[in-house]
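S.K.: After the sequence you'll find the predicted model.
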Amino acid sequence: MTDAVAGLHLKSISCTRGYRDLFTNLEFELCPGQVIRVEGKNGSGKTSLLRIMAGLAQPLEGEVLWQGRKIHHAESDYFQNLLFLGHRAAIKFELTPVENLCMAKSLHGSKTENGIEEALYQIGLYGFEDIPCAQLSAGQKRRVALAQLFLTQAKCWILDEPYTSLDVNAVSMLEGLFAKHLNNGGMLVITSHQPITIPAGEQRKLVLPNTQLEPLI
Amino acid sequence: MKLPAIVHKFSSPKNFYVMSGKMIPWFMWGFVLSLLVGLYYGLFVAPTDYQQGESYRIMYVHVPAAWMSMFIYMIMAVSAAVGLIWRIKTADLMASVSAPIGAAFTFLALVTGSLWGKPMWGTYWVWDARLTSELILLFLYLGFIALQAAIEEPRNAARAGAILLIVGVVNIPIIHYSVEWWSTLHQGATVAKFDKPSMHISMLIPLLVMATSFKLYYAASVLMRARSEILRREQNTRWVKEIIDNES
Amino acid sequence: MNASVQTPSTLSAFISLIKRDLMLSYRHRNELLNPLLFFVIVVTLFPLGVSPEKQLLQTMAPGVIWVAALLAAMLSLDTLFKSDYEDGTLEQIMLSPHSNALLVLAKIISHWLVTGVPIILLAPLLGLFMFLPGEGIITLMLTLLLGTPILSLVGAIGMALTLGLNRGGMLLSLLVLPLYIPVLIFSASAVDASMAGLEIKGQLYFLGALLVLSITLAPLAAATALKISVE
Amino acid sequence: MNPSEFFHMGGYAVYVWSSYGLSLVVLGWILISPIFTRKSIIKELKIKYRQQQRQAQDKNE
């Protein structure tokens, strides 16, 4: 393949909801060390775009390529390199944070519990490892889901509203983590209603339904 | 597996819309003509059956309807699979617009079967293998229609329907076999079965003509349904806008 | 690629998914009782509705118990994917690099362990209620052992298709019950035959063949359907 | 065969003619109903396109 991109490549993506066009002919590349912030009004298709990029939804037209291959042809390779966190945190309230993370880890890779304690410590849940998530606050539940970011070796992170119900400390800690990820050649796609300041990476912004990416300084 | 580009081009909604518009009149005329011929031969020319008297003439709607009920389900499953694998929009479409027609034929096969059964068996309903299979087929059709109606996003409805149809097609032989087996097991319950002697040619010909006529009917009516559905699904394209603007 | 990326082991994901689902069911164990109670109550209604006469109940027993098992199995499907769908776990399963069909199979297996197995264990009691003789009860349990996994597997496809739809429950029964018919026919007739002292190998072979077929195909179909449902 | 004999159908008239009649009604309805659907879709789309046009004009002004 001559046009292989080292990361994600969206090729003339169109998306509709019902019979209404959300966006048409969206085209961009996401390479290592780059961030794309997806913005737009409610219902402009931010979540739809993220789900298309993650391979959860199919676009009406167009292709998503991972390292030059269509993602549904390279699923196992792409999914090993992808971490997608959606609105719904995929956290079982009946399970403890450790059990939740253990499951997430084995779904995406290894079975070991290595690093889970450490990740929970980093995310500020030390001392809550063995309490069922039902007893944690909304922000703490969110942190359990975000602790996966410390565990994963995925290169491409797609995060839908990760800051929801987080406090200021957690947000700044996450931004530090994003910076580290980008400096290590990671990629990030993020939506947020809150301001984002990531001290690293080449940052661009996509305001739906416009399909032009704008540089962001 | 890749389909040649020409297939995709040929099966594009626009092309399909134009082509089918030209084909429908032919199918309609063929249907009306063969229907008249079939009815004439079936009702006037074919001789009275020595066992069943005139009541056997119900066969000329019952049997073709039963054939159609299976035939349409197969068409739906094949086109759904094609739509699922190669993402051909018009194939998805054919599956979903065929369903009401198939369900109607299944319903007719059941009702005419029981109307035929009354003079033959003395009751409107008998749990014989063929009627039971037909009843289950009707459930499969209704399930498919209900599923299509419940899913709002048309593309998702098509894909979910395709899975259901493929599962159904795998199951139909199994269901059919088990119902056959079950009915031979409980043979005592069924009243005198028709023995099926080789049919006389004068009775067979109207049957085949009627079967052809039903197929042409299906072709005409499925294309008519597909055309209106294409207008709905492709409403954001320019060519549909032009067509609508030119409609008075 | 990074050497430290561990090659994911599908088997370990498979096992830990089963374990997690069993643990979750254990923490909700009172919910598991509902389909079982339903199973018992439906069967109990028949002597009340028809007659307590031994002869009559005995002839009806295989069919009645099996129909009740069918309905109980269908009702229990509700818990198969729903919570995973609602909290987003299903998305993560679909995004796993492991084979989705195998992970779905893991979910079905753990679901069968907590809903199908209790039905099998309860069957002798209901057999007693319906005056089934000893050999009838044994055959009943055998057919349930072969049949309930098929119900879970086939039901999973229907559940996956109707997940997230309004009034999915009614639709589920319309989709799934016709597909359950072969299992019902062969299982009930096996119990019947064993009561008459006849050979039941044929029926059991057929159920076995159906089981193999549904283990190989149903997870694939269910996984494909789930992909559509999470979209 | 005279007409009354034909309509009598050897005593099976009820069954034969209700079969044929019902088939006619059901198949006729299935054949005709897409014509109505088509009309209603065209009407619906005309309204939709007109609205879109108006919105586009409003934007330009």
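M.R.: Looks like it arrived, so ask away.
S.K.: rest of the way, CA atoms for contacts and neighbours
M.R.: Will do.
S.K.: Show me where the chain dips below the pLDDT cut-off.
M.R.: No chain in the question, so chain A it is. Under the criterion pLDDT under 70, the flagged ranges of chain A are A:1-4, A:110-114, A:217.
S.K.: other chain: chain C
M.R.: Low-confidence segments of chain C (pLDDT under 70): C:1-8.
S.K.: which bits of chain B sit near chain A?
M.R.: Counting by C-alpha under 8 Å from any C-alpha of the partner chain, chain B comes close to chain A at B:Glu152, B:Glu153, B:Pro154, B:Arg233, B:Gln235, B:Asn236.
S.K.: 10 Å instead?
M.R.: Counting by C-alpha under 10 Å from any C-alpha of the partner chain, the residues of chain B lying close to chain A are B:Glu152, B:Glu153, B:Pro154, B:Arg155, B:Asn156, B:Arg232, B:Arg233, B:Glu234, B:Gln235, B:Asn236.
S.K.: just those residues now: which is nearest chain C?
M.R.: Nearest to chain C, judged by C-alpha to the nearest C-alpha, of those is B:Asn156 at 6.2 Å.
S.K.: Give me the nearest residue to the closest one, chain neighbours excluded.
M.R.: C:Ile228 (6.2 Å; C-alpha to C-alpha, 6 or more residues apart in numbering or on different chains).
S.K.: Wait, the one you found touches B:Ala157, no?
M.R.: Yes - here C:Ile228 reaches B:Ala157: they are 8.9 Å apart, a contact under C-alpha atoms under 10 Å.
S.K.: which residues are in contact with both of those two?
M.R.: Taking C-alpha atoms under 10 Å, 6 or more residues apart in numbering or on different chains as the criterion, C:Ile228 and B:Ala157 both touch C:Leu161.
S.K.: sorry, back to before: for the host helix or strand of the residue nearest to B:Asn156, list every residue counted as buried.
M.R.: Applying DSSP states H and E as the criterion places C:Ile228 in helix C:201-230. Residues of helix C:201-230 classed as buried: C:203-204, C:206-208, C:210-211, C:214-215, C:217-230 (neighbour count, 16 or more other C-alpha atoms under 10 Å in any protein chain shown).
S.K.: Also stretch B:26-35?
M.R.: B:Phe27, B:Met28, B:Gly30, B:Phe31, B:Ser34, B:Leu35.
S.K.: Closest one to C:Leu17 out of the residues you listed, please.
M.R.: Proximity of the buried residues of stretch B:26-35 to C:Leu17 (C-alpha to C-alpha) peaks at B:Phe27, which lies at 55.3 Å.
S.K.: Relative to chain D, which residue of chain C is the closest?
M.R.: Going by C-alpha to the nearest C-alpha, chain D is nearest to C:Leu174 of chain C, at 23.3 Å.
S.K.: Which members of the buried residues of stretch B:26-35 occur in strands, if any?
M.R.: The strands, defined by DSSP state E, take in nothing from the buried residues of stretch B:26-35.
S.K.: Pipe these into JSON lines and attach pLDDT per row.
M.R.: Listed next are the buried residues of stretch B:26-35 as JSON lines, based on pLDDT from 0 to 100:
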{"residue": "B:Phe27", "pLDDT": "96"}
{"residue": "B:Met28", "pLDDT": "95"}
{"residue": "B:Gly30", "pLDDT": "96"}
{"residue": "B:Phe31", "pLDDT": "96"}
{"residue": "B:Ser34", "pLDDT": "96"}
{"residue": "B:Leu35", "pLDDT": "95"}
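S.K.: possible to save these as TSV with distance to A:Gly127?
M.R.: Compiled in TSV, the buried residues of stretch B:26-35 are given as follows (distance: C-alpha to C-alpha, whole Å):
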residue	distance to A:Gly127
B:Phe27	75
B:Met28	77
B:Gly30	80
B:Phe31	78
B:Ser34	82
B:Leu35	81
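S.K.: Is the residue sitting nearest the centre point of chain A in a helix, a strand, or coil?
M.R.: Centroid-nearest residue in chain A: A:Ile158, 1.9 Å away (criterion: C-alpha atoms, centre = their mean). Under the three-state scheme (DSSP: H, G, I helix; E, B strand; the rest coil), A:Ile158 adopts strand.
S.K.: how far away is it from chain B?
M.R.: With distances taken as C-alpha to the nearest C-alpha, to the nearest Å, A:Ile158 is found 24 Å from chain B.
S.K.: Quick check: phi and psi on residue 130?
M.R.: Unless you meant another one, I'm taking chain A. Torsion angles at A:Asp130 (phi, psi; degrees, to the nearest 10) stand at phi -110, psi 20.
S.K.: please go with chain C instead
M.R.: In terms of degrees, to the nearest 10, the main-chain angles of C:Met130 are phi -100, psi 10.
S.K.: what's around it, how many residues?
M.R.: C:Met130 has 26 neighbours, counted by other C-alpha atoms under 10 Å in any protein chain shown.
S.K.: Tell me the spacing between it and C:Glu53.
M.R.: Distance of C:Met130 to C:Glu53, computed by C-alpha to C-alpha, to the nearest Å: 10 Å.
S.K.: what is in contact with those two at once?
M.R.: With C-alpha under 10 Å, 6+ apart, C:Met130 and C:Glu53 have common neighbours C:Pro47.
S.K.: show me the residues around the residue nearest to B:Asn156 that make contact.
M.R.: A:Leu56, A:Ala57, A:Gln58, B:Arg155, B:Asn156, B:Ala157, B:Arg159, B:Ala160, C:Ala160, C:Leu161, C:Leu163, C:Ala222.
S.K.: Pull up the gap between A:Lys41 and chain D, please.
M.R.: Per C-alpha to the nearest C-alpha, A:Lys41 is found 19 Å from chain D.
S.K.: Let me see the contact set for that residue.
M.R.: By C-alpha under 10 Å, 6+ apart, the neighbours of A:Lys41 are A:His193, A:Val207, A:Leu208, A:Pro209.
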